[in-house]
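S.K.: what follows is a predicted structure for the sequence shown.
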Amino acid sequence: MDTTNNKSANSAGSELSEQIKAVTKDSHIRAENTQLMANFQKGEITLPQYKLLLCSLYEIYQVLEEELDKNSAHPAVEPIYFPQELARIESLERDLEHFFGPQWKQRVIVPAATHRYTERLREIGKNSPNLLVAHTYTRYLGDLSGGQVLGKIAQKTLGLGGTEGVAFFTFPGVTSPHRFKQLYRSRMNSIELTEEECRKVLDEAVRAFEFNIGVFEDLQKMLSITEQAAGGSGREKAPTTTLLTAISRSSVAQFTLGACVALATVGMGIYAF
């Protein structure tokens with residue numbers, strides 16, 4: 001990159017990781033306080049909620065990791081490309097198969113908010129790979145931080161043993177999450193960006209949180225419809241057919257139905273960067 005007339009945005013005292021943390025503070029709080037995530041943090045997550053959240057995680061990582069693989073040699077992606085340590089797809093597939101069986105891809109539904117987010121990831125992967133930095137930082141470091149807490153909550157609340165159903169929250173390739181996060185931030189802060197490029201990355205980080213908030217809200221609406229149709233609290237296992245029927249009959253037109261193979265939804269962990 002020609003830096004003769006362009007000031008690097010990650011100069012001393014203005015590390016990119018710290019800037020992202022600062023500009024997303026309010027959005028971060030809003031995401032944690034959505035009803036779905038608040039319930040999770042309080043240990044009130046239900047099995048239907050958790051299963052839908054896993055499908056959400058699968059979809060976001062399927063698209064995100066496809067775009068990272070395609071752009072692994074890009075100067076803004078290569079420093080923070082850690083497929084062996086961070087890739088989540090295989091673990092999510094194990095979790096989904098545990099709950100849904102071999103045909104899990106045909107047994108889930110998705111809200112429209114998911115499509116908007118994944119379309120954005122594909123768009124920037126094709127046209128603006130620099131912006132993938134904002135999504136990888138928000139997603140992966142969240143999983144290595146608050147995601148560890150969420151995994152323990154899920155185990156205790158849902159009575160899950162070992163790694164069955166919670167493989168997503170385990171990182172066999174990362175011996176020390178704390179040290180790895182330090183390495184990740186250091187690598188990210190070494191990326192050379194102009195002031196304009198840095199501004200766009202910061203804007204994208206805020207946008208990532210907004211996408212996630214929208215998905216959380218859609219998911220909660222979806223679950224509320226399911227509970228009403230089942231006539232219960234939602235703590236009992238709701239058959240997928242019941243969920244499909246309930247939503248297809250509802251007036252909530254913004255929901256889009258489909259299978260995970262067609263696209264699912266996006267979830268977030270608690271963030272403690």
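M.R.: Structure's in. What do you need?
S.K.: alpha carbons only for contacts and neighbour counts from here, please
M.R.: Fine.
S.K.: kindly check the end-to-end length of stretch 134-153 for me.
M.R.: This stretch, stretch 134-153, spans 27 Å end to end (CA to CA, to the nearest Å).
S.K.: list the buried residues of it.
M.R.: Within stretch 134-153, the residues scored as buried using 16 or more other CA atoms under 10 Å are 134-151, 153.
S.K.: one more: stretch 192-202?
M.R.: For stretch 192-202, by 16+ other CA under 10 Å, it's E192, L193, T194, E197, C198, R199, V201, L202.
S.K.: repeat for stretch 203-214
M.R.: By neighbour count with 16+ other CA under 10 Å, stretch 203-214 contains the buried residues D203, E204, A205, V206, R207, A208, F209, E210, F211, N212, I213, G214.
S.K.: now stretch 110-124
M.R.: Buried-residue list, stretch 110-124, by 16+ other CA under 10 Å: V110, P111, A112, A113, T114, H115, Y117, T118, R120, L121, R122.
S.K.: save these as TSV, and put in secondary structure too.
M.R.: Output for the buried residues of stretch 110-124, formatted as TSV (DSSP: H, G, I helix; E, B strand; the rest coil):
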residue	secondary structure
V110	strand
P111	strand
A112	helix
A113	helix
T114	helix
H115	helix
Y117	helix
T118	helix
R120	helix
L121	helix
R122	helix
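S.K.: which one of those residues is nearest P102?
M.R.: V110 (19.0 Å; CA to CA).
S.K.: show me the beta-bridge partners of that closest one.
M.R.: T256 (DSSP bridges).
S.K.: enumerate every residue touching L132.
M.R.: Neighbouring residues of L132 by CA atoms under 8 Å, 6 or more residues apart in numbering: L68, V77, L121, I124, G125.
S.K.: so which of the buried residues of stretch 110-124 comes closest to S186?
M.R.: When these are compared for distance to S186 (CA to CA), L121 wins out at 23.7 Å.
S.K.: residue contacts, the closest one?
M.R.: Per CA under 8 Å, 6+ apart, neighbours of L121: V63, L64, E67, L132.
S.K.: now it: how far from A22?
M.R.: 22 Å.
S.K.: out of the buried residues of stretch 192-202, which sit inside helices?
M.R.: E197, C198, R199, V201, L202 (DSSP state H).
S.K.: so where's the chain shaky on pLDDT?
M.R.: Scanning the chain for pLDDT under 70 picks out 1-13, 108, 226-273.
S.K.: hey, where'd the helices end up in it?
M.R.: Secondary structure of the chain, counting by DSSP H: helices at 16-23, 25-32, 35-41, 47-70, 83-86, 89-100, 112-127, 132-144, 146-158, 177-189, 195-230, 240-249.
S.K.: how about those, which one is nearest F169?
M.R.: Closest among those, using CA to CA: helix 146-158, at 5.5 Å.
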